[in-house]
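>>> please find the sequence and the predicted model below.
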Amino acid sequence: MTERRGTGSGEAGLDALVARARTGSGGAMRLIYERMGPAVAGYLRAQGVADPEAAANEVFFRAFNKLHRFRGDAAGFASWVYTIAHNLAVDERRKAARRPATHPAAAAEDLDRPAIDTETEVMDRLGLAGAAALLSELTTAQRDVLFLRVIAGLSVAETAKVVGRPPGAVKALQHRGLAALRRLLADRGVTESASTTFPGMR
């Protein structure tokens, strides 16, 4: 993958912002949120979180509140933030599983909201609603891995830390997820392979 999504224009800049944020700089925190917030909200929306913008605010509130505990570079910071987002999404899933769905129409409307910027062919060919529906047919573990690799732009190692699985398991889930996407795309008459549909995921 040649470019990391969600970390802004360069990891060096994010490193400096994180260092400033550690000193309590509200301006640095605001800039970090502006750079990473939309991608984190997109990830949470893709995970089915009911109010992704509010959830993204909660993610960064937690991150900034515990920033004094963080040690690492920009890549590590992005991985840490997405770990918080992933855990929040998992909590949302568990809560949703304990209560019946009451507004399916509203959920369908959410799929039409332009938030997930994966810059992929599948978005153009199927539209956001179709792509979300396609990914929803994968297993939860496969979907988690592909979301983190495609939307968040995390490496295999970083994704492994977020989902709590070995890197080899992440690669296997990615491989099986892409294979499933190829089959689903073929069923829908999209002949391009998932590796071109999802750039950098070979």
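That came through fine.
>>> next, the buried residues of the lengthiest helix in the chain.
Assignment by DSSP state H gives helix 74-97 as the longest helix of the chain. By neighbour count on 16 or more other CB atoms under 10 Å, the buried set for helix 74-97 is 74-86, 88-89, 92. Every C-beta, even on glycine, is put in place using the N, C-alpha and C of the backbone.
>>> mind giving me the packing neighbours of that helix?
helix 11-22, helix 26-46, helix 52-65, helix 156-163 (3 or more CB pairs under 8 Å, 6 or more residues apart in numbering; DSSP states H and E).
>>> and for the nearest residue to residue 83 once chain neighbours are set aside, the neighbour number?
Leaving aside its sequence neighbours, residue 83 sits nearest to residue 162 (CB to CB, 6 or more residues apart in numbering; 4.7 Å). When counting by other CB atoms under 10 Å, one arrives at 24 neighbours for residue 162.
>>> one more: the one 3 residues further on?
Neighbouring residues of residue 165 were enumerated by other CB under 10 Å; the total is 17.
>>> likewise for the one 5 residues further on?
Applying other CB under 10 Å, we find 25 other residues in the vicinity of residue 170.
>>> residue 67 too?
Residue 67 has 17 nearby residues by other CB under 10 Å.
>>> for the residue nearest to residue 83, give me its contacts.
Shown in contact with residue 162 (CB atoms under 8 Å, 6 or more residues apart in numbering): 79, 82, 83, 86, 148, 154.
>>> correct me, but the last one touches residue 79?
Yes. Between residue 154 and residue 79 a contact is recorded at 6.0 Å, counting by CB atoms under 8 Å.
>>> coming back round to it: any idea of the angle the longest helix of the chain forms with helix 11-22?
Counting by axes from the mean of the first three to the mean of the last three CA atoms, to 10 degrees, helix 74-97 points 70 degrees away from the direction of helix 11-22.
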